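In: Below is the sequence, then the predicted model.
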Amino acid sequence: MAHKEIIIDLSKENELRGELKKKDEAEARRMTRFLEMPDLSRTPGSPLQEIVSRVGEVPVLKDFDVIKIPEIVPADVSFDLFDFPLDHPARSKSDTYYADDKHILRTHDTVFWYYYLNDNEVKERVQRGESLGTLCYGKVYRKDEIDRRHMNVFHQMGGWYLQPDSKGMLTLDDLKKVLTDIVKTVFGDVEYRFPDETFPYTDPSTEVEVNINGEWIEILGSGMVKKSVLKKMGVEGYNGWAFGFGLERLAIISMELPDIRLLWSEDERVKKQLKLGSKFQEVSKFPPITRDISFVVDKSFEPNNYFDLIRDIGGDLVEEVSLMDKYENEEKFGKDKVSYTYRVIYRSIERTLTNEEIAPLQDEIVKETIQQFRADVR
């Protein structure tokens, strides 16, 4: 890609990373570990990097700037500037990782808009009335459930194009032409459609869905950039379109991957198969080991925080965590108490696990459930 690269100063992020490393608490250690994980969108040989490369060669995008932004960003920039409602779940500490009271691990790569428009060279280009095109990609972080399709560290790619109003007003049809090129570049000749959608920072907005084996699957969100959002970032008299998508989702669809963890595998039998458009053949379906845990906790209990605890201890050996039972019984458990039963499925993507290997992990989960959540394990 013959793109101009813009790299934002990371001194503030490095300071915040240093502060996290000094903290001796589970959430801080967790965030430090996530931040130190490799960026697969920049890892040669990764199908995520291949998607980035392909999208970057789409004709209308090939001369766009590429911006690399911090992974720890101000919460107000991420939410307030992008018109997230005050009650939006993404603002909650049960959905988002807070490095401190004012900074979060970025939850969406659209935050690049702010950093791009605050770059001094870009400001000069705006003053001259130039059109602007940008791509951004990398890791993002969200607390999430545990299954074969979700991880709380994943990768996104986004882009936008802005032009002065004096050059004309771009439309949703202009955007759809670009999205069509992206779909064809990644998936080839596939059926697709554009259902309406709603996003905080674009209006009107649309998604892209592709038909894979008779099933319509959403792969991308997009829309026309809100002028009110641009104004908050100090830019007026411009209009444009924007899009964003999860790289893992596209890779999983393209290769029919059965498990998101395969994208991180170091097993050569797995890695040599990770080619876009080539259906993945399972090396072997290793047997699962299943363990249940039941406990009573306060109603303030947040499942996403509990999933993080299980990930901390079980790591990549945990395939799925599912809620088997939840109920209240004031007479039996007391007021403001809830009973939960979760099933933890352990399965390696590379080898057969043993009960002796899993027992200490499950024991540790029980111990930390009691300590971190003040739970009464039954």
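Out: Arrived safely, thanks for sending.

In: From the contact counts, what lies against the helix ranked longest in the chain?
Out: Ranked by residue count, the top helix of the chain under DSSP state H comes out as helix 355-373. Contact here means 3 or more CB pairs under 8 Å, 6 or more residues apart in numbering; DSSP states H and E; on that basis helix 355-373 packs against strand 289-298, helix 303-314, strand 337-346, strand 376-377. (C-beta placed from N, C-alpha, C; glycine too.)

In: need the ones you listed in TSV with mean pLDDT, distance to residue 119 and mean neighbour count, can you?
Out: Output for these, formatted as TSV (pLDDT from 0 to 100; distance: least, CB to CB, whole Å; neighbours: other CB atoms under 10 Å):
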stretch	mean pLDDT	distance to residue 119	mean neighbour count
strand 289-298	96	46	17
helix 303-314	95	34	19
strand 337-346	97	46	18
strand 376-377	95	52	14
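
In: thinking again about what came up before, relative to the whole chain's centre, how far out is the longest helix of the chain?
Out: Here helix 355-373 is found 28 Å from its chain centre; the criterion is CA atoms, centre = their mean, to the nearest Å.

In: Next: stretch 194-201.
Out: 18 Å.

In: List the buried residues of that stretch.
Out: 194, 197, 199-201 (16 or more other CB atoms under 10 Å).

In: Tell me which of the helices and strands packed on helix 355-373 lies nearest to residue 20.
Out: Nearest to residue 20, of all those, is helix 303-314, at 14.8 Å by CB to CB.

In: Going along the chain from the closest one, find the next helix or strand for me.
Out: strand 318-327 (DSSP states H and E).

In: Neighbouring strands of that following strand in the sheet, and parallel or not?
Out: strand 337-346 (antiparallel) (DSSP bridges).

In: re the thing from before, out of the buried residues of stretch 194-201, which one sits closest to residue 64?
Out: residue 201 (18.8 Å).

In: need the contact list for the closest one.
Out: If you count contacts by CB atoms under 8 Å, 6 or more residues apart in numbering, residue 201 has them with 82-83, 110, 113, 223, 225-226, 229, 242.

In: Identify those among those residues that sit within strands.
Out: The strands, defined by DSSP state E, take in 223, 225, 242 from those.

In: now those residues in TSV, with distance to residue 43, neighbour count and pLDDT?
Out: Formatted as TSV, these follow (distance: CB to CB, whole Å; neighbours: other CB atoms under 10 Å; pLDDT from 0 to 100):
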residue	distance to residue 43	neighbour count	pLDDT
223	30	22	96
225	30	23	97
242	26	25	97
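
In: now, which of those residues sits nearest residue 30?
Out: Of the ones in strands among the contacts of residue 201, the one sitting nearest to residue 30 (CB to CB) turns out to be residue 242, at 30.7 Å.

In: ok, what's across the strand from that closest one?
Out: Assigned bridge partners for residue 242, using DSSP bridges, are residue 160, residue 223.

In: Offset the numbering so it begins at 9, please.
Out: With the count now opening at 9, the last piece we talked about shows up as residue 250.

In: Please verify my assumption that it contacts residue 210.
Out: Yes - the pair residue 250 / residue 210 is scored as a contact, 6.0 Å apart, by CB atoms under 8 Å.

In: Overlap in contacts, the two.
Out: Here residue 250 and residue 210 have 230-233 as joint contacts, going by CB under 8 Å, 6+ apart.

In: any chance of those residues in TSV, with distance to residue 67 too?
Out: Formatted as TSV, those follow (distance: CB to CB, whole Å):
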residue	distance to residue 67
230	18
231	21
232	21
233	21
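
In: separation between residue 172 and residue 75?
Out: Counting by CB to CB, to the nearest Å, the separation of residue 172 from residue 75 is 20 Å.

In: More neighbours: which of those two?
Out: residue 75 (24 against 16; other CB atoms under 10 Å).

In: Domain-wise, how is the protein divided?
Out: 13-263, 297-385 (automatic domain parsing).

In: of these, which approaches residue 281 most closely?
Out: With CB to CB as the yardstick, what comes closest out of those is domain 13-263 (7.8 Å).

In: With adjacent residues omitted, what lies nearest to residue 324?
Out: Using CB to CB, 6 or more residues apart in numbering and skipping residues adjacent in sequence, the residue nearest residue 324 is residue 269, 5.4 Å away.

In: Repeat that for residue 347.
Out: Spatial nearest neighbour of residue 347, chain neighbours left out: residue 304 (5.0 Å); criterion: CB to CB, 6+ apart.

In: Tell me who's in contact with that neighbour.
Out: Residue 304 touches 341, 345-348, 383-384, 386, counting by CB under 8 Å, 6+ apart.

In: so which helix or strand takes in the nearest residue to residue 67 once chain neighbours are set aside?
Out: Excluding its sequence neighbours, the residue lying closest to residue 67 (CB to CB, 6+ apart) is residue 189, at 6.9 Å. Applying DSSP H and E as the criterion places residue 189 in helix 180-195.

In: Buried ones in that helix, by neighbour count?
Out: 180, 183-184, 186-187, 189-191, 193-195.

In: Residue 133: which of those residues is nearest?
Out: Nearest to residue 133 among the buried residues of helix 180-195, with distances taken as CB to CB, is residue 186, at 20.8 Å.

In: could you list every residue that touches that closest one?
Out: 66, 68-69, 169, 249, 251.

In: what about 10 Å?
Out: Going by CB atoms under 10 Å, 6 or more residues apart in numbering, residue 186 touches 66-69, 167, 169, 230, 249, 251.

In: Buried ones among those residues?
Out: Using 16+ other CB under 10 Å, the buried ones in the contacts of residue 186 are 66, 69, 167, 169, 230, 249, 251.

In: can you list the residues you listed in JSON lines and add distance to residue 367?
Out: As requested, the buried ones among the contacts of residue 186 are exported to JSON lines (distance: CB to CB, whole Å):
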{"residue": "66", "distance to residue 367": "51"}
{"residue": "69", "distance to residue 367": "51"}
{"residue": "167", "distance to residue 367": "48"}
{"residue": "169", "distance to residue 367": "55"}
{"residue": "230", "distance to residue 367": "48"}
{"residue": "249", "distance to residue 367": "54"}
{"residue": "251", "distance to residue 367": "47"}
